[in-house]
Structure formats: C-alpha cells, structure tokens
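Peer 1: Give the three-dimensional model of this entry:
(chains A and B)
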Amino acid sequence: MKARKGPPGVALVGMGCTRFGERWDASLDDLISQAWSEALESASMTQEDVDGYWFGSLTSSSGLTLSRAVPTLGRPITRVENYCATGSDALRNAAYAVQSGEVDVAMAIGAEKLKDTRQTGLAGTPVPGDGTVVVPSAPSKFALLADGYAQAAGLSEEDLRSVLTAVARKNHANGALNERAHFRSPVSVSAVEQSPVVAGALRVLDCSGVSDGAAAALLVPAERAHEYTDRPVFLQGLAMTTGSGRGAVAPDYDYASLPEVEASAAAAYERAGIVDPRSQIAVAEVHDCFTITEVVLAEALGFAPRWEAWKEYLEGNFEIGQQVAINPDGGLKAFGHPIGASGLRMLFECWKQLRGEAGERQADTAGRYGLVQNLGGGPGECLSIISVWSAEQNPARQEP
Amino acid sequence: MPCFATVGPLRAHGARRGGRRGENIIVSGDDPALDVLMELLGSAVYAPRERYRRGKSIRTVAAGDEDAVTLGVEAARRVLASTGSQQPGAIVFATSSPPVLGLSLARLVSAALDLPPETAVMDVSGAARSGSAALLAASHMDVPLVLVVFADLGRAAPNTSVDLSLADVAAAMLVAPGSDGPMATFDRHALVGTGLADSWWTSDDEERINFADLRLAEATLAPACQAVLATLEIEPGTGVPIIISARPALGDRIARNLRAMGFSGASCEAQPVGYGGVAQVAIDMVNATDATDAGGSLVVLQCSDVCDGWLISTGVDATGTRRAPKSDEVVHAVVEPKLLDLETYLRRRGAIVADGPLRPPTAPVSDAAVARQARWKYAMVGVRCSACETRLLPPGPICTSCGGVDLVDDRVAEVEGTVAHSTIDGLAVRPGDRQVVIIDLDGGGRLRATAVEADGLLEPGRRVRFVLRRSDDGGLPNYLWKASVVEVTQ
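Peer 2: Below is the predicted model of the structure:
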C-alpha cells in the first residue's frame, strides 16, 4: 500500500461521549443528543458551525436517524457502516472532508442501541443467500485466533489462559476508574477463569459485551484549531487496510496474526513519522473485542516482538504507568461494543489522555503520541483503521 | 384371490416371454407374476453412527441434521464408490418419511451426486412398501443403470418398545433393468394386497403397533404370502430360501406360519440395529443374496399392507466372488459406534428442548441464490483457476489470487481434507453447528465448515470428508455440506 506523505492538517477540537452500558434509560435519540451536545460544548460551537456529519451506525439505515434526533440544519449527513470499525471510518471520512477543504467543521458521530434487541449478538439485516455460508459467532472466530496464537507462540493451555486473564484483569481494572464505562468493577483471576465458556478457550470475561452508547468528534483544519480550543489534538497519521476477505480460508493464513493491522500500522506510522512505536506512543486504544485480540494487536502494532507480547502481559507491561498504556480507559472489555460508537469512544480516551484530562487513568503522554486502532471483522477477513494523534501540531520526527 | 400390479410405461416387460411392451400393464389373476429381469450391480447401506440401547434392543439414531434425504445421499455415494465410475441414468427414491413435500427428493439426491439435470428421477413415498415399489419402478426404466435409494427415519414415541425396534437407515442399489448378471438378478415379482386394516398414520403421528395389530397382520399376511409364493411358482417342500422382510415380531410370526405350510426355508433376517422401514427390504435382499449359494434362487417377501414377492437368482462374477458387501457388515463399518444416554437420545429426537442462545437471525435462503449456485450448494462444485491452480470455494467469476478468468469446474464433495483449525462455538443456535472447522483440502484450497455433532471436537490433523446434512432455516430444510471424520472400516 502506498503511504501518503505529509501531515494530514486536521485537528480534533471537541469531543463527546456518553456513559456506555445497558442504557435502559436512554433511547438512541437520547444517546445521540448527549454525545452531539457534549462535543459542541467542548469546542464552544453551536449547530450552526457544523458543515457536515459522518454518522457511524450499524443498525441505522441513513443519516436521517441523526437528523431526526438533533438539529442538523439540512447539513449533509453520510451514514457510515464498516463492521466494528464503523466509528473510525466515520472519523476517517470526516477527516478527509476537512483535509480536502470541502468543509471547515466536520462532526464524526457514532451511536448504537443494541440492548433493546435482547440478543446476544449484533442485529443486522442478513442478505439472503444460497444457505451454504458458514457464519460462526464472533467469539468462535477469535477462539481460532487464540488457539492459533498459542500454537505459534508455543503457549500451553495454562499459559494461554493466564495471558488472557491478564488482559481481562488489566482492562477491567482500568474501566473501574472510568465513570463512562459499562463495567466498573475490577475482576479477579478466579472470576475470569471460572466464567462460562463461550467458544473454545474464550470465556465470558474474555469477550466484550453488548452495550449502548454514543460518541462524537469535531474536526477542523489544523491551522484553525486554536479558534475552538486551547488544547487541540492533531491528526498525524491515518491509514486503513481492507483485507481480501478470504484470509480465513487462505491456506497460508496462520490464525495467529492480523496482517491487515500490521499493514495499516506500517502506513500510519510512516505518515506520522513513528519508527519506534514502543517508545513514541504513550497510549494505545486498541480493539480488544476479545482478550486474545489485544495480545495479537500488541504485536501487530509493534509494541512487542512477534510471539512475545504474551510475556509482556504476564509482566504487566501495558498497564497505566508503563511505557505504553494499552486501553487505559478499559477498552471494549469494560465499555462493551456499541458498533458505531466504539471507534470514537477509543478516540475520546486518546483525546483525554493527550490533553492531560484522564484523571486517575492519566498516562505520561508528554511529547508522545496517542494511537487508536479499530478492527472490523475477524481473523483472516478483516479491515483495520489506525489513527495517530499528538498534542503538538508539528512534533519532532524521529528518523528511521 | 384378485391380484394386480400397475406398472409404468417406461420400459417393456416380459421380454423373456416375448410379452407386452410399451403400454401400462395390468397383470391380472390369470397371469399374475411379472418377469422383471433386473441385474443387481452393487449395494450399500448407511447407518448413522449414534445408537441408543435399552436392554437387548438397540437402534440407530439419526442426528438432528440428518433426514431421509441425507441418509439416502450417503448410501448412494457409497454404492457408486463401490461400483466404480458408472453413472446412473435414473434415480428412484423411496421413503416413508419425506422431509418435505412438493420437491422431488430423487432430484435432490441427483443434485448431490452432481448427476446431469436430465437424469430421470422418480419418488416413491409414503407407503411402507415403497421400497418394493421403487424396485418395481426401476425395473421398468429404459436406461442402462438405475440408482434406487431407500431411506427412512423410524419414528415412534421415543424410548417405547416400538421405537426401539425401529432404525434410521438408508440403503442404495445400483441395478441394470433388462439384464441379468453374475451377482444377483431380480427375476420375477408378484404381489397380493391384504384387507385394509386401520393401521396407517399421518406425517405428524408416531407409529403405534400393539399386539392386536400384529395378530391381525399375521392373519392377513400369511395367506397373502402363500398366494404370492404360488404365483411365483414356489411350491411347498422345495426348501427355497424365503426371506420375510417385515417388522421383527411380525416377520417371525409369518415365517413360522409359512414353515407350517411346508415352506421350510422361510425365515426372517436379523435386524441388528432395528427395522429400517422402506430400506429394510433392500438390506434383507442384499443379506439374503450374499448368504445364498451361487447359482441358486431365493424369495424375498416384503410384508406390509401388501405382500410383495421377489424371486431372485444369484451368481458369481468372473473371479468367483461377490462384489456387494454384506449389509450388516456395512451397517457396522463406522468409526466407533457411539451409544447415547437416554437424555441425549431424547434431545436428538426433540423430546427435550434446551434453551439456546438468543441470537440474531441468520441469512435466509434465497431460491434465486440457490438456483444460481445449485451445483455448489448441492454437489460442492467449485472452480479452479487454470493459471494459478487456486481453488475458489465457492466458485466466483474471477480468480481472487491472480485475476485469471479461465476457471474450470472442480467438484470437492469427494475430496478429503485435514483439519487445520477447529473450535467449539458455544453461541451456535443449533447443536449441529457448534463445531467450527477450517479444512485444508487435499490438492489445495481451504474451507470453513461445521462438523457433524457426533464426531465431537475434531482436533487439528484429523482427516475429514464431506457429508450432506440439513439445517432448519426459517422452518424449511436447508441442505449444506459438513465435515465428518473419515471412516475406517473395522
């Protein structure tokens, strides 16, 4: 993939994020309006200021879902859907709109109301087919990744269990510090390891939950960022890789890695000038849909050598206070996964961290980057979107 | 006693007697036996791996994703494999437990075998004597080879004595109408109907047979058998083997009656895994021909509300050996027959329903999509790229590896493979979908599939083949291919 050179010239100047969870108290309209209002307020804007919207939602069919909920004043609304990376793809398209000069102020907003479906999976409108396509549940797809990774990394069943438990414990501990998280209780080793099996090696506490939530981001040209806030966050790298979709049945796929993430990371790092992710990135919000996913992502993103991330997790090296804090807000494990909102919820934590507003969860981000990685699909058949952010418009670049 | 048989117009009969050709034929009381002249080229039996035993009774148990069609396809694949590459020009499918109405089940079997769409198909469904009717139909077909498939699910109230006497089983025969041969030949057929007793059931009922039913059947069938034997010109005292194909208790009673009439060769075959419904007559025929000396004759009497009598002669091939396996050997030639406990058996039969995960709906099956992809769906015909040899499964218009468009058909239903990855999907709505396997096919290509429930978790490295199974999507059967362990004949 060819990497585009130069700074994207886009800044994040305002964000909003609802409390995630079983929001029996809130409709989809309520969630949208909360995130929308908070974002505008944080950038000292009104609805008049927004030139266009990119609305991420799995379950809505058009931008009218947004315009019915809040006064969008006839502005164009693009409804975006791209698997679990929907929120990040809304952001990505909003950023390109700003970068192109078509709009001065773009809002990327994602929202999902999943709990009302009463289902343990994602509602959708499956396309009629010939009845031959085997569609395993998401946990079972990632259970294959767990087995594949364990085999490739030489992990015993017990070792794998310990690593997955370490990821669950870290993220739930972080989520316990976050008033917006769905699950706000730390979990014990026994709670994780005695939770019911869902698929293969994955237990209930290895899986992200089904949640309701919404988040919104306001993007403007970088040179105008300080018109809206004194602490903007600047987009330094943005990349997306969409795999062939046939990797899951490609004989050379090992079910132990996520090549799409590796490719998108390489492109985003090149644009941002990142040559040593471990030292240059302070916080990484990554797509921990399942505990094993985070382990594999840590390697794909360059935070650990191939087949060695598991050791780092056992040593607690990705907790808050370490060189890289992965999922300091609690991740999908603590927030659940309202599809359209998740990518923007990840960005919300990055925004807070780079602005020094993360409270008890604050990592040492001075002079370093924040990263958001959002995955759509499963092992061998996925897409990955990565954005890299910094508090400085022109951070010092390290040479390779 | 009035006797009659109606037969189709497909092929002339009585060729050896210089008889009638072409028209529908009514064989009346003064000329009651029909010369059928049909060679048996091969046979096979498929019985599901799972068994339920209570006391001395044991029966086969079809999995929740098996029905008469999938059982029949499996038997058909086996007989075609055992007889080489000969392709039948017609399929006759017999069952008394059709999974759906309206469709030709013979056509489904034909599609699963990837036979040409012009293959003649005929369905003989409903009646207990459908097995004999199917053979009779096959004998009239004007094609060199006919595949006759017999399949049934034995259904009575679960765990009752009647239920335990039944089997889920299929058999298949490859026959050549109009010729005789070295293994076995159907020579003549005759039938006699009994008085109509009130002993039928609807598709929603379960069979109930009590002692009085058996006594009545014995009282009406024994003389009917005697009449059929007379029509076939089998005299008392000749010692010709006479095999009674019927429910176990009924068969024994009729055999005893016939022996008392002087037919000393009358007996009833053992049914080690239960009474196979319409398939039982085929199983009994194969067993009996295998047990009869070369150059001999035997009679098989299928007894239900009609007595169908078949005069069969046996032979040997050039090497002096038979080509067809004994049916009970085949019945037992499965990997580790698996005994079910009562609870599991009742779950298989739907008598215990467990709560499943509340999952979103799966993609509905589209008739149009099926029509476009019928060879893939029913026969696993994918394509292979001529340029780079990549297998495209399912088939597509362009090679996703190299962009090549010169793609050739590549059927993988008979290709074996090795499990590369596997897991258990605890969120699968249907028990039959719990096992997810990634299979590396011999000769290249990889498929994601579900594995049949009876196999348990298939660890990486296990050898697998594909079997046609069904799921119930939206209330109607959807047929799809699943993975199953490669059987090792014991």
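
Peer 1: CA only for contacts and neighbour counts going forward, please
Peer 2: Noted.

Peer 1: what stretches of chain B score poorly on pLDDT?
Peer 2: Confidence mapping of chain B against pLDDT under 70 gives the ranges B:1-32, B:85, B:196-208, B:316-336, B:473-475, B:487-490.

Peer 1: Could you list the residues in contact with the longest helix along it?
Peer 2: Among all segments of chain B classified by DSSP state H, the helix with the greatest residue count is helix B:211-231. Counting by C-alpha atoms under 8 Å, 6 or more residues apart in numbering or on different chains, helix B:211-231 makes contact with B:1, B:32-33, B:190-195, B:199, B:235, B:249-250, B:253-254, B:257-258, B:301, B:303-309, all of which sit outside it.

Peer 1: any idea whether the residue nearest in space to the middle of chain B is helix, strand or coil?
Peer 2: Among the residues of chain B, the one closest to the centroid is B:Ala170, at 2.8 Å (C-alpha atoms, centre = their mean). Recorded secondary structure, B:Ala170: strand (DSSP: H, G, I helix; E, B strand; the rest coil).

Peer 1: Report the contact partners of residue 246.
Peer 2: No chain in the question, so chain A it is. A:380-381 are the contacts of A:Arg246 under C-alpha under 8 Å, 6+ apart.

Peer 1: ah, I was thinking of chain B
Peer 2: For B:Ala246, the contacting residues are B:275, B:280-281, B:302-304, by C-alpha under 8 Å, 6+ apart.

Peer 1: out of the residues you listed, which one sits closest to B:Leu147?
Peer 2: If you rank the contacts of B:Ala246 by distance to B:Leu147 using C-alpha to C-alpha, B:Val281 comes first, at 15.4 Å.

Peer 1: need the contact list for the residue nearest to the closest one when sequence neighbours are not counted.
Peer 2: Residue nearest to B:Val281 in three dimensions, not counting chain neighbours: B:Ser245, with 5.7 Å by C-alpha to C-alpha, 6 or more residues apart in numbering or on different chains. With contacts defined as C-alpha under 8 Å, 6+ apart, the neighbours of B:Ser245 are B:251, B:268-269, B:280-281, B:284, B:300-303.

Peer 1: Please flag which of those residues sit within strands.
Peer 2: B:268, B:300-303 (DSSP state E).

Peer 1: who in the stretch 251-400 of chain B is up against chain A?
Peer 2: Counting by C-alpha under 8 Å from any C-alpha of the partner chain, the positions of the stretch 251-400 of chain B adjacent to chain A are B:357-370, B:373, B:377.

Peer 1: Mind checking which of those residues are buried?
Peer 2: B:359-365, B:370, B:373, B:377 (16 or more other C-alpha atoms under 10 Å in any protein chain shown).

Peer 1: Which ones among these map onto helices?
Peer 2: Secondary structure assignment by DSSP H places B:370, B:377 of these in helices.

Peer 1: Now for the buried ones among the residues of the stretch 251-400 of chain B next to chain A: which two are most distant?
Peer 2: Looking at those by C-alpha to C-alpha, the two members farthest from one another are B:Arg359 and B:Gln373, with 26.8 Å of separation.

Peer 1: where do the helices sit along the stretch 1-150 of chain A?
Peer 2: Read by DSSP state H, counting those that start in this stretch, the stretch 1-150 of chain A holds these helices, from start to end of the chain: A:28-42, A:64-69, A:86-100, A:138-153.

Peer 1: can you tell me which of those comes nearest to A:Pro338?
Peer 2: Here helix A:86-100 is closest among those (C-alpha to C-alpha), at 9.5 Å.

Peer 1: Counting neighbours, what do you get for B:Gly102?
Peer 2: Counted by other C-alpha atoms under 10 Å in any protein chain shown, the residues lying close to B:Gly102 total 6.

Peer 1: that older thread, okay, the helices of the stretch 1-150 of chain A, which one's buried deepest?
Peer 2: For the helices of the stretch 1-150 of chain A, the stretch with the most neighbours on average is helix A:86-100, a mean of 25; neighbours defined as mean count of other C-alpha atoms under 10 Å in any protein chain shown.

Peer 1: Mind giving me the packing neighbours of that helix?
Peer 2: Using 3 or more C-alpha pairs under 8 Å, 6 or more residues apart in numbering or on different chains; DSSP states H and E as the contact test, the elements touching helix A:86-100 are strand A:10-17, strand A:52-56, strand A:77-80, strand A:106-113, strand A:212-221, helix A:339-354.

Peer 1: what sits up against the first one?
Peer 2: Residues outside strand A:10-17 that contact it (C-alpha under 8 Å, 6+ apart) are A:34-43, A:95, A:98-99, A:180, A:213-222, A:225, A:228-229, A:231-235, A:345, A:348, A:351.

Peer 1: With adjacent residues omitted, what lies nearest to B:Glu66?
Peer 2: B:Arg469 (5.6 Å).

Peer 1: after the host helix or strand of that neighbour comes which helix or strand?
Peer 2: B:Arg469 is part of strand B:463-473, with elements assigned from DSSP states H and E. On the C-terminal side of strand B:463-473, the closest following helix or strand by DSSP H and E is strand B:476-485.

Peer 1: quick one, that next one and strand B:463-473 angle?
Peer 2: 160 degrees (axes from the mean of the first three to the mean of the last three C-alpha atoms, to 10 degrees).

Peer 1: Now do the contacts for A:Thr125.
Peer 2: With C-alpha under 8 Å, 6+ apart as the criterion, the residues that contact A:Thr125 are B:Ala363.

Peer 1: on that earlier part again, next step: the residues of the stretch 251-400 of chain B next to chain A restricted to strands.
Peer 2: Residues of these located in strands (DSSP E): none.

Peer 1: quick one: which of these is nearest B:Asp425?
Peer 2: Nearest to B:Asp425 among these is B:Pro357, at 11.1 Å by C-alpha to C-alpha.

Peer 1: Relative to A:Glu260, how far out is that closest one?
Peer 2: 31 Å (C-alpha to C-alpha, to the nearest Å).

Peer 1: could I get the buried ones among the residues of the stretch 251-400 of chain B next to chain A as JSON lines with distance to B:Ala413?
Peer 2: Converted to JSON lines, those look like this (distance: C-alpha to C-alpha, whole Å):
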{"residue": "B:Arg359", "distance to B:Ala413": "30"}
{"residue": "B:Pro360", "distance to B:Ala413": "30"}
{"residue": "B:Pro361", "distance to B:Ala413": "28"}
{"residue": "B:Thr362", "distance to B:Ala413": "24"}
{"residue": "B:Ala363", "distance to B:Ala413": "23"}
{"residue": "B:Pro364", "distance to B:Ala413": "24"}
{"residue": "B:Val365", "distance to B:Ala413": "21"}
{"residue": "B:Val370", "distance to B:Ala413": "17"}
{"residue": "B:Gln373", "distance to B:Ala413": "15"}
{"residue": "B:Lys377", "distance to B:Ala413": "10"}
